[in-house]
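Peer 1: just a sequence and a predicted model for now, questions to come.
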Amino acid sequence: MKTTVERLQGSRQELFIDGQFVAPKRGEYVPSYDPTTGAPWYEFALAGAEDVDAAVRSAQAALKSNAWRRMTQTERGKLVRRLGELVLEHADELAQIECRDNGKLLKEMRAQMRAIPDSYLYFAGMADKLQGDTIPVNKLDMLNFNQREPIGVVAMIIPWNSPLMMLTGTLAPCLAIGNTVVVKPSEHASASTLALAELAIEAGIPPGVFNVVTGDGAVTGDALTCHPGVAKYVFTGSTGTGRKIASNAAQNLVPCQMELGGKSPHVVFSDVDIERAVNGVVSGIFAAAGQTCVAGSRCFVEAPIYERFVEALVERTRRVKVGHPMADDTDIGPLALAAQLAKVQHYVGSGVEQGARLAAGGRRPADPALAAGWYFEPTVLTQANNDMQFMRDEIFGPVVGVMPFTTEEELITLANDTEYGLASGIWTRDIDRAMRFARDIEAGTVWINTYRSAAYMSSNGGMKHSGYGRRGGFEVMREFSRLKNVVLDYSGAMQDPFVIRLR
Ligand code: NAD
């Protein structure tokens, strides 16, 4: 892999279509910004409709090519495994590229870069285990079976918060099944996906099987989601964009997988070890500066410990170190975009205006070394309630609203009072209570005495406006393959079509 942070600096990055890096037809490029300085650091191509068309056509051609179609599932699995091995070999460069592009902590990226290669291996192993089934029909001498086959060209539109992680969860199974792929990374963090394209060539993935079109949502994303050659969309991003994409896809009757936003409840009962629960809540909301879809942004605390818990939460929050993403002692890096910083500031202001109490944070750090970057202090707003706008909308930043509750019934009503249903967490020693919560909460994931503990072996997805479709585990192999029913008559005789036989 030639791409490194040093080579990216000041460079111009092309599109990746049909196994080659190519210039966009209209010759337009846009800058990607470094969140620690707010300055542009490389340019990427803005793919227009013609480029998107070329990428989809190349993926369609690859689907029919002998190089891909006639490959055995075992061979495909080996290619996916090889890609995972190359990702591991280049884990450090990939981690650095992503940190520079979206401001993620290097230590967090290094941890992700241990899971990502393993995830390729996991799905590579499934390539030759996706079986169909035989149906015992009510007829003699008939074999009726379902076989699984690739869907076709899968278009993946991903966000900026964890591009490689988000991409791997669907790219690896899609390739293992035999689909071909067109990826549109976020205009705010495209570099790691382009670096992965280089590794795809090195791994021997045939041209056209994996394509990357960079650009924004309005031009590139829109062209991709209107293209009639796509067989399925995988979208990870905000609920508003998800609606637009689903509506475009519906014109071509193309199914979507939607991984959307969240406003996840994080619940603390009074029987817990407060320090442990505080650490859980702090990591649930402040990890990655709150820029995670599962961020536990609404914290519900049982009334008897509310005051004590808030005090401990505020004290712990004040010790969270905001700093440069590459520094080992940093707990929170910058927000990835200037617009994200403005959004966080807006919601904190509106929370205070609507009566919440600013208990910690609420401003940009005073350290002059951080002045140019898009940093914001981890923020705790207490005396919050579900009528406040910051408790209803996804902020996608380091802001938690805290409110008390008294009964389990009240808690479930409050926690479910949201348009979202992505994740949830509960801290309690009472297993019966935890299980009642798991039963009643409207969320795709329930964490009990932990938070943000994700595994590619388990399948996750959202409820309500957090989306539909599953990611991870074996379930995803079914999501990205389709069933074909095959019926074979081995009686040796074509029966008189007008005689109705009961068996
Ligand atoms: P976003 O919706 O602004 O953009 C996501 C992607 O969609 C980008 O690649 C963007 O260019 C593209 N896009 C934007 N408008 C488009 C259009 N009209 N047509 C086609 N494509 C378009 O989201 P974001 O700000 O990049 O990411 C943050 C959001 O992602 C948050 O809401 C977060 O919760 C969500 N997210 C969800 C998950 C999950 O698994 N549920 C994971 C990570 C992030």
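Peer 2: The structure has been received and is ready for your questions.

Peer 1: around the ligand, pick out the residues from the stretch 401-503 of the chain.
Peer 2: Residues of the stretch 401-503 of the chain lying near the ligand by Cβ under 6 Å from any ligand atom: 422, 462, 467. Backbone N, C-alpha and C define where each C-beta goes, glycine included.

Peer 1: check the second one and give its pLDDT.
Peer 2: Meaning residue 462. In this model, residue 462 is scored at 97, pLDDT.

Peer 1: list the contacts for it?
Peer 2: 258-260, 262, 420-422, 444, 468 (Cβ atoms under 8 Å, 6 or more residues apart in numbering).

Peer 1: now with 6 Å, please.
Peer 2: Residues in contact with residue 462 (Cβ atoms under 6 Å, 6 or more residues apart in numbering) are 260, 421-422, 444.

Peer 1: which ones among those are found in helices?
Peer 2: Using DSSP state H, no member of the contacts of residue 462 falls within helices.

Peer 1: closest one of the residues of the stretch 401-503 of the chain next to the ligand to residue 170?
Peer 2: Residue 170 lies nearest to residue 467 out of those, by Cβ to Cβ, at 13.0 Å.

Peer 1: how far away is that closest one from residue 419?
Peer 2: Residue 467 sits at a distance of 12 Å from residue 419 (criterion: Cβ to Cβ, to the nearest Å).

Peer 1: who has more neighbours, the two?
Peer 2: Neighbours per residue (other Cβ atoms under 10 Å) separate residue 467 from residue 419, with residue 467 holding more: 28 against 14.

Peer 1: hang on, the earlier thing: got any residues that touch both of residue 467 and residue 419?
Peer 2: Contacts common to residue 467 and residue 419, judged by Cβ under 6 Å, 6+ apart, are absent.

Peer 1: which positions in the helix or strand where residue 95 lies come out as buried?
Peer 2: Residue 95 is part of helix 91-102, with elements assigned from DSSP states H and E. Judged by neighbour count using 16 or more other Cβ atoms under 10 Å, the buried positions of helix 91-102 are 91, 93-102.

Peer 1: residues in contact with that helix?
Peer 2: So helix 91-102 is contacted by 4-5, 104, 106, 109-110, 113, 160, 189, 191-192, 195, 325, 336 (Cβ under 6 Å, 6+ apart).

Peer 1: helices - which of those residues land there?
Peer 2: Reading helices off those with DSSP H, I get 5, 106, 109-110, 113, 191-192, 195.

Peer 1: pull the most distant pair out of these.
Peer 2: 110 and 191, at 17.0 Å, using Cβ to Cβ across the ones in helices among the contacts of helix 91-102.

Peer 1: coming back round to it: give me the buried entries from the ones in helices among the contacts of helix 91-102.
Peer 2: Buried among the ones in helices among the contacts of helix 91-102 (16+ other Cβ under 10 Å): 5, 106, 109, 113, 191-192, 195.

Peer 1: which ones are touching the residue positioned nearest the centre of the chain?
Peer 2: For the chain, the residue nearest the mean C-alpha position is residue 166 (4.0 Å; Cα atoms, centre = their mean). For residue 166, the contacting residues are 158, 236, by Cβ under 6 Å, 6+ apart.

Peer 1: follow-up on the earlier one: and which of the contacts of residue 462 is nearest residue 402?
Peer 2: Set against residue 402, the nearest of the contacts of residue 462 by Cβ to Cβ is residue 422 (19.5 Å).

Peer 1: burial count for the closest one?
Peer 2: 27.

Peer 1: got the confidence number for it?
Peer 2: 98.

Peer 1: nearest spatial neighbour of it, chain-adjacent residues omitted?
Peer 2: Spatially, and ignoring its direct neighbours in sequence, residue 422 is nearest to residue 262 (3.3 Å; Cβ to Cβ, 6 or more residues apart in numbering).

Peer 1: and the one you found, its phi and psi?
Peer 2: Per-residue torsions, residue 262: phi -150, psi 160 (degrees, to the nearest 10).

Peer 1: quickly find the element holding residue 438.
Peer 2: Using DSSP H and E, residue 438 sits in helix 431-440.

Peer 1: what's the answer for residue 199, then?
Peer 2: Following DSSP H and E, one finds residue 199 within helix 191-203.

Peer 1: do the very next helix or strand once past that helix and the ligand meet?
Peer 2: Downstream of helix 191-203, the next assigned helix or strand under DSSP H and E is strand 210-212. No: for strand 210-212, no contact with the ligand is found by Cβ under 6 Å from any ligand atom; the gap never falls below 11.6 Å.

Peer 1: same thing with stretch 270-285?
Peer 2: No: Stretch 270-285 is not in contact with the ligand by Cβ under 6 Å from any ligand atom; minimum separation 13.2 Å.

Peer 1: I am finished for the moment; much appreciated.
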